[in-house]
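Student: For reference, the sequence and a predicted model appear below.
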2 protein chains.
Amino acid sequence: MALKTRVTEMLGIEKPIIQAAMGWIARSHLSSAVSNAGGMGIIETSSGELDAVRDEILKMRQLTDKPFGVNVAQAFVRDPGIIQFVIDQGIRFVTTSAGDPMKYTGMLKEAGLTVFHVVPSLAGALRAVEAGVDGLIVEGGEGGGFKNPKDVSTMVLVPQVVEAVDVPVVAAGGIMDGRTMAAAFALGAEGVLMGTRILSSAECPVHDNWKRAIVEADATDTVFLNRSGPGPALRALRTDRTTRIEKDGTANIFGEFADTQAVYFGGDLEAGIALTGQVAGRIREVKPVAQIFDETMAEYEATVARMARAA
Amino acid sequence: MALKTRVTEMLGIEKPIIQAAMGWIARSHLSSAVSNAGGMGIIETSSGELDAVRDEILKMRQLTDKPFGVNVAQAFVRDPGIIQFVIDQGIRFVTTSAGDPMKYTGMLKEAGLTVFHVVPSLAGALRAVEAGVDGLIVEGGEGGGFKNPKDVSTMVLVPQVVEAVDVPVVAAGGIMDGRTMAAAFALGAEGVLMGTRILSSAECPVHDNWKRAIVEADATDTVFLNRSGPGPALRALRTDRTTRIEKDGTANIFGEFADTQAVYFGGDLEAGIALTGQVAGRIREVKPVAQIFDETMAEYEATVARMARAA
């Protein structure tokens, strides 16, 4: 099945599925699996570990001959040299997030890269279009990770943005399979971004305890934290720690991440914050990325055919 | 265009659109417009004004010869006689909400009525199916009104429930037009419920100030209140009052409704709480119900055709 959209054409990918740039996690092992499966693998920078990130970008060349991209999480990238490094590496696709799209879009566009900016609101989308981005990743509040404190759901935000802009839109938040991809396309998206679904994939380097927690979670088992700041709001798996933060608040949300390595790779989910989306409630099995994508495309096609028959 | 689903067949309606049973608002003037436009008009009981409600049910007979239903908001209906009254009036369709579906489903089913229960979670859905309901209204947290404090978005909750039950599902929360209806159907719904879109219709009896506030709102202009209780959580329009409750909390959420008549029909949006969904951010115009429904059906058809062509 071929499903051509402006997103697949612009990015040169077979399937309109982009991987979320999860901090520490979206490294070459996982991202090359995504690219090799026909989606768009993205190397993260939100860890701030730019030396490691540079190595990972170099490793991607050995692991895949398919397109891949880099995310520049502006709030977390303290070394502005990352932009020139990304350009020098011949990267063709960058997503920018967590900052003003006016900052890097011009420089990246001048170097000939394709730039998508991640936005959580219509105002953010209009600002990014003004900055000259090629596309938008429109992120509903049900998704995991850092969030606009005034969260808007995918069902509302995606069509709101689609109706207001001409650039292609990638929907994020709640997308994990063919029926949710079909829903996103009905709303006007031309691609989807998957975070939690790929976080729970076989190739994902996080500890099995986190994957198992996702498989066992209900959709009500995430919490939205720090809505009134200071610092960013976020959605994470419900644990004793995050339940306490939800109840009591925190003056230092970054401090609450405490021992990220222990959470992510040691499997101690109480040692920090495990960023996770509501869609955890629908994930029942750890699967290889290629299987996830193949099933998504087949279910997408079946969903469209079902709707066309009934109409 | 005919779009037959189990929901249209069970309820005997032309269009798979159900009107939210908004307290004080979902009376005969509005609900008859919905039924006459081919959807399912629903008379509310959450006002608790059962004498008025009884009159409204009688008036519906004069205003429409199309099917209509009654909502029994269990937490707000203190007179158990309403159930027998509904049965005696020859009502064929009841939605139950805000309470245990075990309480009235048996009695209503024995009398031959069709019963849909409103649920905000998978656990609620499974309980309602166990109680013997004919269908479910599955309500995402982006919608206006009383809410599960552990809110789940429509994009996640609808497919989660659809995959777990055999009864037909009506999607609520974020639905206002053909593209969102198509998204809901992609997720597996066989009908949609519209609240805020119908609240802002020409036939809706609320004050123009509220409708204007909806037309002017961004999607970020609602607030989710009282997540940790006591009493129910809810989503409402952002005003000075609701911003204060969001910030400081409240020990008495019902007390904060203060002067509902002044808000709803007097146009003083600071006199209480104006329950409103995020989809307000997408509503740009007050329109008659029939126009809303006709445009929804046409856009639904165009959306399905667009997706079928691209697949």
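Tutor: The structure has been received and is ready for your questions.

Student: Strands along the stretch 151-300 of chain A, start to end?
Tutor: A:169-172, A:191-194, A:222-225, A:233-237 (DSSP state E, counting those that start in this stretch).

Student: Any idea which of the ones you listed gets closest to B:Glu110?
Tutor: B:Glu110 lies closest, by Cβ to Cβ, to one member of the strands of the stretch 151-300 of chain A: strand A:222-225, at 39.9 Å. Where you see a C-beta, it was placed from the backbone N, CA and C, and this is true even at glycine.

Student: counting contacts, what elements does that closest one pack onto?
Tutor: strand A:233-237, helix A:240-248 (3 or more Cβ pairs under 8 Å, 6 or more residues apart in numbering or on different chains; DSSP states H and E).

Student: and the first one, average pLDDT?
Tutor: In this model, strand A:233-237 has an average pLDDT of 98.

Student: Would that strand count as contacting chain B?
Tutor: No: Strand A:233-237 lies out of reach of chain B by Cβ under 8 Å from any Cβ of the partner chain, never closer than 10.8 Å.

Student: what residues does that strand touch?
Tutor: Contact with strand A:233-237 is made by A:141-149, A:151, A:210, A:213-214, A:217, A:221-227, A:242, A:253, A:269, A:273-278, A:280, as judged by Cβ atoms under 8 Å, 6 or more residues apart in numbering or on different chains.

Student: Run through the residues that contact A:Ile198.
Tutor: A:19-20, A:22, A:30, A:34, A:204, A:289, A:292.

Student: any chance of the strands of the stretch 151-300 of chain A in a markdown table, plus mean neighbour count and distance to B:Leu122?
Tutor: A markdown table is the format used below for the strands of the stretch 151-300 of chain A (neighbours: other Cβ atoms under 10 Å in any protein chain shown; distance: least, Cβ to Cβ, whole Å):
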| stretch | mean neighbour count | distance to B:Leu122 |
| --- | --- | --- |
| strand A:169-172 | 30 | 23 |
| strand A:191-194 | 30 | 21 |
| strand A:222-225 | 23 | 14 |
| strand A:233-237 | 23 | 17 |
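
Student: Of all those, which one comes closest to A:Gln160?
Tutor: Nearest to A:Gln160, of the strands of the stretch 151-300 of chain A and by Cβ to Cβ, is strand A:169-172 at 10.2 Å.

Student: what comes into contact with that closest one?
Tutor: A:7, A:16, A:18, A:20, A:116, A:118, A:135-140, A:143, A:154, A:158, A:161-162, A:184, A:187-195.

Student: Report the mean confidence score over it.
Tutor: Here strand A:169-172 scores 99 as its mean pLDDT.

Student: Pull up the pairing partners for it, direction included.
Tutor: Applying DSSP bridges, strand A:169-172 is found paired with strand A:135-139 (parallel), strand A:191-194 (parallel).

Student: now what about the longest one, what contacts it?
Tutor: Under the contact criterion Cβ under 8 Å, 6+ apart, strand A:135-139 has outside partners A:6-7, A:10, A:18, A:95, A:97, A:114-120, A:125, A:128-129, A:147, A:154, A:157-158, A:161, A:165, A:167-173, A:189, A:193.

Student: The last one too?
Tutor: The contact list for strand A:191-194, computed with Cβ under 8 Å, 6+ apart, reads A:5, A:7-8, A:16-20, A:137, A:139, A:168-172, A:175-176, A:180-181, A:184, A:292.

Student: So which of the residues you listed sit within helices?
Tutor: When DSSP state H is applied, those are split such that A:7-8, A:180-181, A:184, A:292 fall in helices.

Student: Among these, which one sits closest to chain B?
Tutor: A:Thr180 (6.2 Å; Cβ to the nearest Cβ).

Student: And the helices in chain A?
Tutor: Secondary structure of chain A by DSSP H: the helices cover A:6-11, A:28-36, A:50-63, A:81-88, A:105-110, A:122-131, A:154-162, A:178-186, A:196-199, A:208-216, A:240-248, A:253-256, A:260-264, A:289-310.

Student: Give me every residue in the stretch 1-150 of chain A lying close to chain B.
Tutor: Going by Cβ under 8 Å from any Cβ, the residues of the stretch 1-150 of chain A near chain B are A:1, A:3-5, A:121-123, A:140-142, A:148, A:150.

Student: What subset of those is buried?
Tutor: A:3, A:5, A:121-122, A:140-142, A:148, A:150 (16 or more other Cβ atoms under 10 Å in any protein chain shown).
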